[in-house]
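*Asks:* Generate a structure from the sequence data that follows.
(3 chains, ligands or ions: 3)
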Amino acid sequence: MIRYGMVIDTQLCIGCGDCVVACKTENKLPAGLNRDWVVEATRGRYPDLTTEFRSERCNHCSHATCVHTCPTGASHLWKDTNIVLVDAAKCTGCKACIAACPYDARLIMTPDGYIDKCTFCHHRVEKGEDPACVSSCPTHCMHFGILDEPSSAVSRLLASRQQKVLLDETGNQPNVYYLI
Amino acid sequence: MLEELLVTVRSNPKIDPSLGVWSWEIPVYLFMGGMTAGIMLFASLMVLLAREEEFPFVARKLPLWAPIALSVGMLFLFLDLSHKLYVWRFYTSFQPSSPMSWGSWILILVYPVSILLAACTLRQGYPWLGRLVDRFAIGTAILDFSCRHRAVVAQWGLVLAVFLGFYTGILLSAFSARPFWNTGFLAPLFLVSGMSAAAALVLLGTRNEHERHTFTRIDIVLITVKLALIALLLVNLATGSGVQIEASQMVFGGEFAIPFWVFFIIPGVMLPLILEYWELKGRRRAWMFISPVLALYGGYMLRHLTVDLGQTSSYLNYVNAFDPALLDLLR
Amino acid sequence: MKRREFLKLSAILGAGTAAPGFLTGCSPPPLPGAGAVETSPTVCNICFWRCAGTVYQENGEPWKVVGNPEDLHSMGRLCTRGTGGLGSYRDPDRLRQPMLRVEQNGRQTFQPVSWDEALDFIAERMRGIAEQHGEDRLCLFSHGVGGSHFRKLMSGFGSRGYAQPSFAQCRGPRDVGFALTFGEGVGSPDRTDMEHSRCIVLIGSHLGENLHNGQVQTWIQALEKQATVITVDPRFSVAAGKSKHWLPIRPGTDMALLLAWMHVLINEGLYDADYIARYATGFEQLAAHVQPFSPEWAFLETGISAAKIRETAREMAHHAPASLVHPGRHVTWYGDDTQRSRAIAILNALLGSWGRKGGFYIQEKVDLPDYPTPEPPKPQSDWLAVVQKDFPLAPSGITNAIIDASIGPDAFFKGWFVYGTNLPYTIPDSARNLEAAAQSLDLFVVIDTMPAEITGYADVVLPECTYLERIDPIRNSPERNPSLAVSLPAFEPRHETKPAWWMAKQLAERLDLGRYFPYDDYAEVVDWQLQQVGSSLEEMQRLGVKNFPRTTPMYFTPGQSVEFFTESGKIELHSAMLARFGQDPMPVYTPPERPEPGYFHLNYGRAPAHTFGRTINNPQLFELMPENAVWVNPLVATELALNSGDYVRLKNQDGVVSNRVRVRVTERIRPDSVYIVHGFGHTDARQRLAAGRGADDNGLMTRILVDPIMGGTGMRGNFVTLVPEEYTA
Ligand code: SF4
Ligand code: SF4
Ligand code: SF4
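*Replies:* Residues are numbered from 1 along each chain as shown, chains lettered A, B, ... in the order given. Ligands and ions are numbered 1, 2, ... in the order given. Down below sits the predicted model:
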């Protein structure tokens, strides 16, 4: 299995939200629905402060609880990868996958009613391009690539920098990493 | 101090600010499913233990309510789907890791068994209905078939009832992402609660003194067990991981405290328990429909609150920097 | 809401029609880009940075705009607003047709009219002004590229009056301050060489929140290379969060810090002595001048410890000349802004960073000939000498001075064209004066894409199409490499909107000035110009951007002798010119006023999702940031019993009350200040999304500290208190 992942540098991210707009335009999402979002975390007390900006989305978990929970197979892995997709033509809208995702990364497509989510822009990955959010980011703080390939940019960054994932404790084995 | 904020507005409907994908339809479905399980359990036991004469209501009238309750439950499940035209997709694959897939296939098995279980009782329990069915050759054949294989049907009924009862709880407890659900006590709790609901139906329907008395005693036991399971569930959560402790806090002083204690535990569990106890002692006979009604109410509230609590408890609780309601201007 | 429910219902009822799909298994929504894709080059016009990009359509539907990889302004990546550029095209609230102010039953309203009617009206009034007062009495306010067409029209007519709010309300002090020191301004895009800087000092400049695309990118590149960033800001800005040193300065005391830094650099011998000796004059005077301004003295003013001041000064010196004290952009703060910019320029001179790698590079642009048109007539008067006589050192039009010169029967200006700038939300405390000017003027034309508040003052409103629907003048801005970019229409203009060039030409023809617009389509101009430099419209249609090789070095070469464009030909640490005009020849510190108890410094800034107030109604950007929030320190919040998410109104020292605004309680701000993002609090109900959202900082600036040198409007002398507001949404 090819494990794709993102490595996002929270120290370079400026929280501009370009990734959010880029995702929405690229993927033609209706107004008011988001596949990605930006969180700002400030720690400390004035004047001893640190900030961290995180562009968040589906983690395309290695242990994808959403896929396991889906009763119809609509939530599935793309080809032989960890990219989690939803096949609208198989989705009943039972919403079990939404409840199964600890990151609240899924959404209900309006007005159709099937479940939608970040696709890691597999339609771009297929053409050898980076996801729309990654390739729009003006700070180049987001990186996309194959995690198990030691020479990839993402692997090299992970080897050289301190990092974390979100909600490690859920056991979902997320594949979006944050450099701290 | 940590200030964690969404700096781009996030307001995915039914997911933000906290999960609300399931409102009352799924609780109704779970409740009906649990009740079906209880009905089938009692009905099958009657057949298998050969106590049909002793418990006429359970033996002859109750079974019909299983397919009815199940149908109602499944109707509400359907109503909850947001992509309804694709409901048939439940039955184009089996996903072994998905409780909901198990559930939909179990329902497929339960449905004919519950009908067969009821079919044999029709002629005696609901003579007019029996006559109606007997007008059609196929109807007669089914009724005859169900009576011929009564024991086998009951065996299946018993096994499937337990599966079904457990399933309604496992469906939720399998969601590791929702701390409040993520406990092993939910499945037995829902099974017991389903049985209690069936017992309440008996109390409402029976005209037989012995049957009433026995089922009042059964229900008292069931409610007591239910209460114990609720207590264990809360203790289990309160001693669990950080997020689970947080989840348990919601019923102790959190936003769910009043609904939980005032609208569920007291009227839906404690009160029927006390009333039924009094009834055993021979008091308040004229009011006896009250306690089973309260018990049924409690059974529904259990599902409703559990579904709500589970959805509200979560790992992430981001707040928006800007008013998410403003996005409604765009929708 | 209603519509959605209806859709839902019809989806259920539509089961019948959906049956074929239901039976065959339905096809999932197609993947983006699977259809027929077309592209065309654009130059983003959502902000002044003007990044070049490519517009994509799929199956004839607008899809997306992305950066052009060849483009130096964007380095191939548009910013948040540029990515959301399609929203400006889609905005349902756009101006749709020309409108004329008419009297109806004693009430003034706007009436939709034909283009002919609108243009005839304007031409008629212009003639009238010329006859009654002279041809020189028109003025153009402009922000945006299309303004050049109207400028051409006006100069052909005989009027040269011209102002951009980006001068007196924004970067004027910086450009004047740097010009007085180095003989040249910083330019736009700023000539900062941050990708090579080892140390970057930000004085209140919130890079990252102001998303000046290429500039932010080069700053991030510096961060990636572990450059030291020193941020001076009362607020823990995004930049402060990425800095080695954050100096949470007491508002308004930046000058004290700058002087103390000079003091350290000079007294510790840390300045670039060779550079100063070779290129600068007035060092002796400066050295003597800064003696009183020790770090210990500055501590008392700024609240920043003397040790910290010394440490940061040494760090700057350590990395010099690749040490950049950033000139900032919006710098009209306290009225001594030209002097503060001078101080920044002087500090850069001491570090030797002007003209050096990692400091300020030398920009180059393409030598692009203008399309041949007749020489415009010599104007009857020198309007600058008349209108801006109090500010002889101001090289450009001062918006606020022009407004003053448009009020009353004897006013100089009689007609205005306002192109793409929403003056009441741009010039502080201007609503009253604009109202008065509107009463006095014989002609008030507004050209815009959106029904901004300024359109409410106009006699005529001309709806322009967006940059995505028109051809714009070639972008030829000074950069690292000479570079051209073209912007071609991706879509047909919506409604009855028209491009500015067409409007200007139509007017010119009505005024017998057609000779200044000798073409049928502006594309001819663009093509002709491109041909002159070996390209063509056809080629640029494909490329979008074309970079040319540099012909001069990007930095001073070692030992090179340089002639600066100052009076002395040298970098002027001491400015004889300022002295001659009665100003301080070297920067001095004036302590700022402090707020009364219960009041806070009103600090304001930008957000990456919006360009001033111009994009709030853009649906795609509104979705990201639909309102602003007032930042309040937790100490203050506790005292006032406020929580994040509450709503308050801001009341300033003169009793002006803002619209309701959401509270954000955060450690990221000093307890003596509050902060809001500029551009919100719109009142024009025709901007259905923006109207009533958040607070307008501009309206709260009734205390304006005018810069005596260049006439800018210092905005940071205002104080506000918070008035709780019941939440009713
Ligand atoms: S586009 Fe990049 S810098 Fe901007 S918020 Fe997203 S990840 Fe951060
Ligand atoms: S983040 Fe959520 S939706 Fe994405 S793979 Fe993990 S569990 Fe599934
Ligand atoms: S990978 Fe694609 S779908 Fe996922 S957040 Fe980025 S742009 Fe959106």
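*Asks:* Run through the residues that contact the closest residue to B:G125 other than its chain neighbours.
*Replies:* Sequence neighbours aside, B:R60 is the residue nearest to B:G125 in space, at 3.6 Å (criterion: CB to CB, 6 or more residues apart in numbering or on different chains). Where C-beta positions appear, they are placed from N, C-alpha and C, glycine not excepted. By CB atoms under 8 Å, 6 or more residues apart in numbering or on different chains, the contact list for B:R60 reads B:E52, B:T121, B:Q124, B:G125.
*Asks:* next one: C:Q215
*Replies:* C:Q215 touches C:W49, C:P189, C:D190, C:T192, C:M194, C:L207, counting by CB under 8 Å, 6+ apart.
*Asks:* Save those as TSV, and put in neighbour count and pLDDT too.
*Replies:* Formatted as TSV, those follow (neighbours: other CB atoms under 10 Å in any protein chain shown; pLDDT from 0 to 100):
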residue	neighbour count	pLDDT
C:W49	25	91
C:P189	22	90
C:D190	22	92
C:T192	26	96
C:M194	26	96
C:L207	27	95
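*Asks:* pretty sure B:V202 is in a helix, no?
*Replies:* Yes - read with DSSP: H, G, I helix; E, B strand; the rest coil, B:V202 is one of the residues of a helix.
*Asks:* Sticking with the nearest residue to it once chain neighbours are set aside, tell me its helix or strand.
*Replies:* The shortest distance from B:V202 to any non-neighbouring residue, by CB to CB, 6+ apart, is to B:F215 (4.6 Å). B:F215 belongs to helix B:209-238 when elements are defined using DSSP states H and E.
*Asks:* Who are the packing partners of that helix?
*Replies:* helix B:186-205, helix B:242-249, helix B:271-280, helix B:290-312 (3 or more CB pairs under 8 Å, 6 or more residues apart in numbering or on different chains; DSSP states H and E).
*Asks:* Adding distance to ligand 2 as columns, could you present these in CSV?
*Replies:* Formatted as CSV, those follow (distance: least, CB to the nearest ligand atom, whole Å):
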stretch, distance to ligand 2
helix B:186-205, 21
helix B:242-249, 16
helix B:271-280, 40
helix B:290-312, 15
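*Asks:* Return the set of buried residues in stretch C:664-675.
*Replies:* Using 16 or more other CB atoms under 10 Å in any protein chain shown as the test for burial, stretch C:664-675 gives C:R664, C:V665, C:T666, C:E667, C:R668, C:I669, C:R670, C:D672, C:S673, C:V674, C:Y675.
*Asks:* Next: stretch C:540-551.
*Replies:* So stretch C:540-551, judged by 16+ other CB under 10 Å, has buried residues C:M540, C:L543, C:G544, C:V545, C:K546, C:N547, C:F548.
*Asks:* first to last residue in that stretch, what's the distance?
*Replies:* In stretch C:540-551, first residue to last residue: 22 Å (CA to CA, to the nearest Å).
*Asks:* returning to what we had before: closest one of the contacts of C:Q215 to chain B?
*Replies:* Nearest to chain B, judged by CB to the nearest CB, of those is C:L207 at 16.6 Å.
*Asks:* got the phi/psi numbers for that closest one?
*Replies:* With angles defined as degrees, to the nearest 10, C:L207 sits at phi -50, psi 140.
*Asks:* Mind picking the two most distant members of the contacts of C:Q215?
*Replies:* For the contacts of C:Q215, the farthest-apart pair by CB to CB is C:W49 and C:M194; their separation is 14.8 Å.
*Asks:* Quick check: the residue of chain A positioned farthest from its centre vs C:H245, distance?
*Replies:* Relative to the mean C-alpha coordinate of chain A, counting by CA atoms, centre = their mean, the farthest residue is A:P47 (32.8 Å). A:P47 sits 11 Å away from C:H245, going by CB to CB, to the nearest Å.
*Asks:* residues contacting the residue farthest from the centre of chain A?
*Replies:* Counting by CB under 8 Å, 6+ apart, the residues that A:P47 touches are C:F236, C:W246, C:P248.
*Asks:* Contacts for the helix or strand the second one falls within, please.
*Replies:* Going back to what we said before, that points to C:W246. Per DSSP H and E, C:W246 falls inside strand C:245-247. The contact list for strand C:245-247 (CB under 8 Å, 6+ apart) reads A:47, A:49, C:228-233, C:236, C:240, C:257, C:302, C:304, C:308, C:311-312, C:315.
*Asks:* I'd like the contacts of C:Q215 as CSV, with secondary structure and distance to ligand 3 appended.
*Replies:* As requested, these are arranged in CSV below (DSSP: H, G, I helix; E, B strand; the rest coil; distance: CB to the nearest ligand atom, whole Å):
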residue, secondary structure, distance to ligand 3
C:W49, coil, 23
C:P189, coil, 28
C:D190, coil, 30
C:T192, strand, 31
C:M194, helix, 28
C:L207, strand, 25
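*Asks:* any idea whether A:R54 is helix, strand or coil?
*Replies:* Applying three-state DSSP: A:R54 is strand.
*Asks:* So which helix or strand of chain B has the lowest pLDDT on average?
*Replies:* Least confident helix or strand, chain B: helix B:271-280 with a mean of 89, by mean pLDDT, DSSP states H and E.
*Asks:* Tabulate the CA atom coordinates of that helix in PDB.
*Replies:* Provided in PDB are the C-alpha atoms of helix B:271-280 (Å, rounded to 0.1, in the frame of the first residue of the first chain):
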ATOM      1  CA  LEU B 271     -40.700   6.100  39.200                       C
ATOM      2  CA  PRO B 272     -41.800   2.900  37.300                       C
ATOM      3  CA  LEU B 273     -39.600   0.900  39.600                       C
ATOM      4  CA  ILE B 274     -41.400   2.300  42.600                       C
ATOM      5  CA  LEU B 275     -44.800   2.100  41.100                       C
ATOM      6  CA  GLU B 276     -44.300  -1.500  40.000                       C
ATOM      7  CA  TYR B 277     -43.000  -2.400  43.500                       C
ATOM      8  CA  TRP B 278     -46.200  -0.900  45.000                       C
ATOM      9  CA  GLU B 279     -48.300  -2.800  42.500                       C
ATOM     10  CA  LEU B 280     -46.600  -6.000  43.600                       C
END
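*Asks:* No further queries at this time; thank you.
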